[in-house]
Structures are given as structure tokens and as C-alpha cells.
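Enquirer: here is the input, now give the coordinates:
(2 chains)
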Amino acid sequence: MKTTRRGRRALSGIAALAATLLFVGCTTIQQARGGPGQKLDPWENWNRKVFAFNEDLDKYVMKPVATAYANVVPQPLRRGVDNFFANAADAWSAVNNVLQGKGQPAFEDVVRFTTNSFFGIAGFFDVASELGIPRHKEDFGQTLGVWGFGAGAYIVWPLLGPSTVRDSIGLPLDISVSPSAVINDGRTQVALTALQLINARANLLGASQVLDDIALDKYTFLRDAYLQRRRSLVFDGEDRSPPDSQQQDDGNPSAPADGASAPADAASSAAPAASSPTPGASAPR
Amino acid sequence: MFRNRMTTIALATAALLGTVAFVPAQAQGQAQAAIPAPAQTGNKAPDALIKEVSTDVLDSLRADKSIKQGDVNKVIVLVDQKVMPYVDFQRMTSAAVGRYWRQATPEQQKALQEQFKLLLVRTYSGALAQVQDQTVDLKPMRSGPEDKEVVVRTEVKGRGDPIQLDYRLEQTANGWKIYDVNVLGVWLVENYRNSFAQEIGANGVDGLIKKLTERNNRPASAAKS
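Expert: Below is the predicted model of the structure:
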């Protein structure tokens, strides 16, 4: 009963996702000409609207609630909540490591999960880290990337934030294995989801402040950071992007203004590492 | 959940902590004159250099109470002294500005460097104030001894998961210089390129300088908590 209901929910989620993608794809593909980063973000007009909605939601709901939560709940307890959700994520990481054919990381994640589940009291304490067993976080979007799926266009989802076509395909699966989705009792489920969101937001209260200060255009800054980071995660940080050494010199004033990195990247083909594209320029993974 | 992921990136930028710094090239002369020690580090291997500078900055941060209270000017002084000698900030700025750099006049280039540096230093002063018991570990190097440009990969270890922090360095006549920094998979200079191009495309180089200056004149909001 439980599994069928969940299965159906996941299925309808995927169907809705596909429908939205089709819709968004048809309506906006002809928009958004020009403007930097256009290649990786063909739906920028739409994305910016969703982004603005998310910003408001954060400003008026998430951030105040998270601030109150951080003020009321003592730090050790919040750590415990972190650990609890991270423990569940470790189990999912183990699955994804197996799917990516990474034996040692998969093994270590399994050890982490079992250790923390038993000795860490359902994951509330992170005993495994104390023992020096490293975490290897992987989600299904990364697995798809390792399997060779390109990132595709950038998408901002309401509530969920930045994503790509590829990561959106992995998204329903990633969500369906979080603790709140596994539990079958409606009220507990809602409470757990809320806790997860609020706790995560509370962890980032300081960081989001920094982001407000550092970005000229928060949308662009976050988009580029997201795409770079996801690409790096797929390659486990081993990827070698081309050094940008040539780019300051090979500027071509008459080049069309579509994506600052793309023309510069093409022009720097003399650079040794130019075979691997600038993240997001042509084939972000 | 994805909200989380999105803000991880925000955390990433915050996590630059004490190990990074951004400094204009033109001020290098004074800084090196001020400090006797760095003169000898000119021939150091790049990874050894990074380790030494990171440790030095972290130690200084921990020792200084006024920085912990978010004193921006103190942080700027610290960065100028400890890190500036090892950063090619002109290269950082020109790479972030991209193909527009050569169109800019020398005055514009100077203004861009100054404002870009100020933006970064001001922003990180909040994060720097939060340095506690972090340490920096080097990861194995992949480059050969003859390479002129290398990536030094490090991990900042404190509470929670380690933070990936990588540096691109280039060998110059004055030793190794940092020209880009990677936090949790995000190269900083690369990340500014589209933002800068967007602003220059709309309002020209002066528009970008103006925007950066405005940003820097806002009251600093030191990130607490």
C-alpha cells in the first residue's frame, strides 16, 4: 500500500515535470536572445520570475522562521538535526556511488550509515565522522552526469531553487528518499519536511548575508555558481577547466555579446586545456 | 532540499575564510617592503607557499579580537600584509572583466581593480570574523616540476564537512602568484565574468565601476551567526 502510493506520487511528479518542461521549452525557446550566459540559460526570463518569487518567499517566510528557529533551538540540538538528515542522505549517496561504479566511496557511505544509525542513535550523532570515515555525497543528478548526460538548460524551480534539466530529472528520486518522504504518516511527514527545510535554512543565515553583499546581480551570480559547482561535483573536483590566462589578451571588441565566456573560450583554443570547455559554455556536465 | 543546495553555494563563498585574499598589484611594492619575511618565499614550491600563507592568516585571525568583531579595516590591513604579495590581482580583475579589459583606459582598469578588491575584502570580512578552529590540509599535486601554471588543492577542516578550496597559481619572476580561487567547485573569477559582462553590456565600463563603487559604499553588513 505504502509503496504503491509513493510510486504513484513519484510518477505523477515526473509527469508534471515533463509537462512543465515541454511547456516552458515551447514558450520560451524563442525568447531571451542576447545577454550573457544565454546559451546555458535559454529560459532566463521565466527563471528570473521564479527566482524573484523564491526571494520573496525566503524574505517573508523562510528566513524569519529560520532565524526564530536558530534563536530558540540550542546549537547541539540543531547539530543533531543536521546529522539525522545527513545520515539519511548517506544511504542515498551509497546507492548513487554504486550506480556510478565507485566501490570504495560506496562502501564508506554504507559504513557511515550503519555506524551512525546504530551507534549514533538513528543518525542523531555523527559517530562515523569522529572515527574518520569520510562522507561521499552523491545524488541522482550527479549519477546521470557520470553516465554522460549533459546538464542541459538551467531551470529555477519554485521553492526548490536552481536546477538544470538533468538535475530536475533526478529530483523526484532524490526527494522520494528523504526521511520525510519515506514516512507514511501525513502529519509527521509535513513536520519532518518543515524541520528539514528550516534547519537547512538556519545553517545558512550567515552565508546568505554574504551572498547579498558579494553579488552584483544575485540571479546571475547564483546561476553561474550553481552550474560550476554541479559540474565540479559530477567530476568530483577532478575536472580541469581551462585556465583563463589567455582570455584577458584575446579580447575581440567586435565579437557578438552572447555569453562572455563562450567567445573567449573559443579564442583561447591555443591554450593546452582548451579541449575541455569552460563550464556552462557549451557542454556543462 | 534544493534550496539547501542553492545556498550551499552561498556558504561556499562565505567559506573563503581567512585563506584567500585579493589584492591589487600596484600595492605590492609597499607590502613587500613592509614585511621582511616574504622575500625569501619567492622560490618556494606553490603548495608549500599556499600552506604557509593559509596557516599564517588563520593564526593571525585567531589572535586578533577586533577582527572577530568584524573590523573591516583590520581585515584589509591583514590581507594587504599577508596575502597581497602572493596575488596577481591585476590578472584576476582582467580575467573577470574579460574581453572588455583592453577597451578600458588605464584609469578605468585601476578603478576596476580597486573596487573589485574592496568588494571581495569587505564581503569576506564577515566570514573572516567567524574563523575558529579551522586547519588547512594540502591535497596531492598533479603538476610536474616544469609547469608554469598549477592548481594547488586544499581542504579546510573545521566543524562539519571539509571545504574544498583550490588555487590557481602562475610562476612569475617574483615567485608564484595566485590568480584564481575555487571554493567548493566554484572558480571565483569565472563566476564574476557573466555578471561583469552583463553590467558592461548595459552601461559600459564606467557603469560597472559605478555599480561596484555603489556596492562598496553601502554600509557593511557583517555576517553574524
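Enquirer: CA only for contacts and neighbour counts going forward, please
Expert: Noted.
Enquirer: for chain B, which residue gets nearest to chain A?
Expert: When you check chain B against chain A by Cα to the nearest Cα, the closest residue turns out to be residue B:99, at 3.8 Å.
Enquirer: next structured bit after the helix-or-strand element of chain B with minimal mean pLDDT?
Expert: The helix or strand of chain B with the poorest confidence is helix B:28-34; it has a mean of 40 (mean pLDDT, DSSP states H and E). For helix B:28-34, the following helix or strand on the C-terminal side (DSSP states H and E) is helix B:46-63.
Enquirer: now that next one: average pLDDT?
Expert: Mean pLDDT, helix B:46-63: 87.
Enquirer: same thing with stretch A:60-75?
Expert: On average, stretch A:60-75 scores 92.
Enquirer: what lies in contact with that stretch?
Expert: Contacts with stretch A:60-75, where a contact means Cα atoms under 8 Å, 6 or more residues apart in numbering or on different chains, come from A:78, A:198-199, A:201-202, A:205.
Enquirer: kindly recompute the last result at 7 Å.
Expert: A:198-199, A:201-202 (Cα atoms under 7 Å, 6 or more residues apart in numbering or on different chains).
Enquirer: about what we covered before: quick check on the residue of chain B closest to chain A: phi, psi?
Expert: Backbone torsions for residue B:99, taken as degrees, to the nearest 10, come to phi -70, psi -10.
Enquirer: does the lengthiest helix in chain B come close to chain A?
Expert: The longest helix of chain B (DSSP state H) is helix B:188-217. Yes - Helix B:188-217 reaches chain A (Cα under 7 Å from any Cα of the partner chain) through B:191-195, B:197-198.
Enquirer: that helix: which residues count as buried?
Expert: B:188-201, B:204-205, B:208-213, B:215-216 (16 or more other Cα atoms under 10 Å in any protein chain shown).
Enquirer: so what does that helix touch, helix or strand wise?
Expert: When contacts are defined as 3 or more Cα pairs under 7 Å, 6 or more residues apart in numbering or on different chains; DSSP states H and E, helix B:188-217 sits against helix A:218-234, helix B:89-97, helix B:106-128, strand B:175-183.
Enquirer: how far does it sit from its chain's centre?
Expert: 17 Å (Cα atoms, centre = their mean, to the nearest Å).
Enquirer: what's the answer for stretch B:204-223, then?
Expert: 17 Å.
Enquirer: just the mean pLDDT for it, thanks.
Expert: 80.
Enquirer: can you check stretch B:108-117 too?
Expert: 92.
Enquirer: please save the CA atoms from that stretch in PDB.
Expert: Output of stretch B:108-117 as PDB, limited to C-alpha atoms (Å, rounded to 0.1, in the frame of the first residue of the first chain):
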ATOM      1  CA  GLN B 108      39.400  52.600 -15.600                       C
ATOM      2  CA  GLN B 109      41.500  49.500 -15.200                       C
ATOM      3  CA  LYS B 110      42.900  50.900 -12.000                       C
ATOM      4  CA  ALA B 111      39.400  51.800 -10.700                       C
ATOM      5  CA  LEU B 112      38.100  48.300 -11.500                       C
ATOM      6  CA  GLN B 113      41.000  46.700  -9.600                       C
ATOM      7  CA  GLU B 114      40.500  48.800  -6.600                       C
ATOM      8  CA  GLN B 115      36.700  48.400  -6.400                       C
ATOM      9  CA  PHE B 116      36.800  44.700  -7.100                       C
ATOM     10  CA  LYS B 117      39.300  44.200  -4.400                       C
END
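Enquirer: wondering if that stretch reaches chain A at all.
Expert: No - on the criterion Cα under 7 Å from any Cα, stretch B:108-117 is out of touch with chain A, staying 10.0 Å away.
Enquirer: ok so, going back, as JSON lines, the helices and strands packed on helix B:188-217 with distance to residue B:47 would be great.
Expert: Shown next, in JSON lines, are these (distance: least, Cα to Cα, whole Å):
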{"stretch": "helix A:218-234", "distance to residue B:47": "21"}
{"stretch": "helix B:89-97", "distance to residue B:47": "19"}
{"stretch": "helix B:106-128", "distance to residue B:47": "22"}
{"stretch": "strand B:175-183", "distance to residue B:47": "10"}
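Enquirer: adding mean neighbour count and distance to residue B:153, write these out as JSON lines.
Expert: Formatted as JSON lines, the helices and strands packed on helix B:188-217 follow (neighbours: other Cα atoms under 10 Å in any protein chain shown; distance: least, Cα to Cα, whole Å):
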{"stretch": "helix A:218-234", "mean neighbour count": "23", "distance to residue B:153": "13"}
{"stretch": "helix B:89-97", "mean neighbour count": "26", "distance to residue B:153": "18"}
{"stretch": "helix B:106-128", "mean neighbour count": "22", "distance to residue B:153": "20"}
{"stretch": "strand B:175-183", "mean neighbour count": "25", "distance to residue B:153": "9"}
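Enquirer: for residue B:59, find the nearest of those.
Expert: Comparison of those against residue B:59 by Cα to Cα identifies helix B:106-128 as nearest, at 11.7 Å.
Enquirer: work out for me the element residue 78 sits within.
Expert: Went with chain A since none was named. Short version, using DSSP H and E: residue A:78 is in helix A:75-99.
Enquirer: ah, I was thinking of chain B
Expert: Using DSSP H and E, residue B:78 maps to helix B:72-82.
Enquirer: can you check what angle separates that helix from helix B:46-63?
Expert: Inter-element angle recorded for helix B:72-82 and helix B:46-63: 150 degrees (by axes from the mean of the first three to the mean of the last three Cα atoms, to 10 degrees).
Enquirer: state the distance from residue A:170 to residue A:145.
Expert: 10 Å (Cα to Cα, to the nearest Å).
Enquirer: give me the more crowded residue out of those two.
Expert: residue A:145 (21 against 18; other Cα atoms under 10 Å in any protein chain shown).
Enquirer: does anything pack onto the helix or strand where the more buried one lies? Which helices or strands?
Expert: Assigned by DSSP H and E, residue A:145 belongs to helix A:140-146. Judged by 3+ Cα pairs under 7 Å, 6+ apart, the packing partners of helix A:140-146 are helix A:75-99, helix A:165-176, helix A:218-234.
Enquirer: for those, give me CSV that also has distance to residue B:71.
Expert: Below are these laid out as CSV (distance: least, Cα to Cα, whole Å):
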stretch, distance to residue B:71
helix A:75-99, 26
helix A:165-176, 41
helix A:218-234, 25
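Enquirer: residue A:50 is nearest to which of those helices?
Expert: The nearest among the helices and strands packed on helix A:140-146, by Cα to Cα, is helix A:218-234 at 10.5 Å.
Enquirer: so that closest one, near chain B or not?
Expert: Yes - using Cα under 7 Å from any Cα, helix A:218-234 reaches chain B at A:220-221, A:224-226, A:228-229, A:232.
Enquirer: returning to that earlier point: and the helices and strands packed on helix B:188-217, which one is worst for confidence?
Expert: Of all the helices and strands packed on helix B:188-217, helix B:106-128 has the smallest average pLDDT, which comes to a mean of 82.
Enquirer: any residues touching the helix or strand following that one, and which ones?
Expert: Next in sequence after helix B:106-128, counting helices and strands by DSSP H and E, comes strand B:135-138. Contact partners of strand B:135-138, identified using Cα under 7 Å, 6+ apart, comprise B:54, B:153-158.
Enquirer: take these and keep only those in helices.
Expert: Short answer: the contacts of strand B:135-138 in helices (DSSP H) are residue B:54.
Enquirer: about what we covered before: would you turn the residues of helix B:188-217 next to chain A into CSV with pLDDT?
Expert: CSV is the format used below for these (pLDDT from 0 to 100):
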residue, pLDDT
B:191, 88
B:192, 91
B:193, 90
B:194, 88
B:195, 90
B:197, 92
B:198, 90
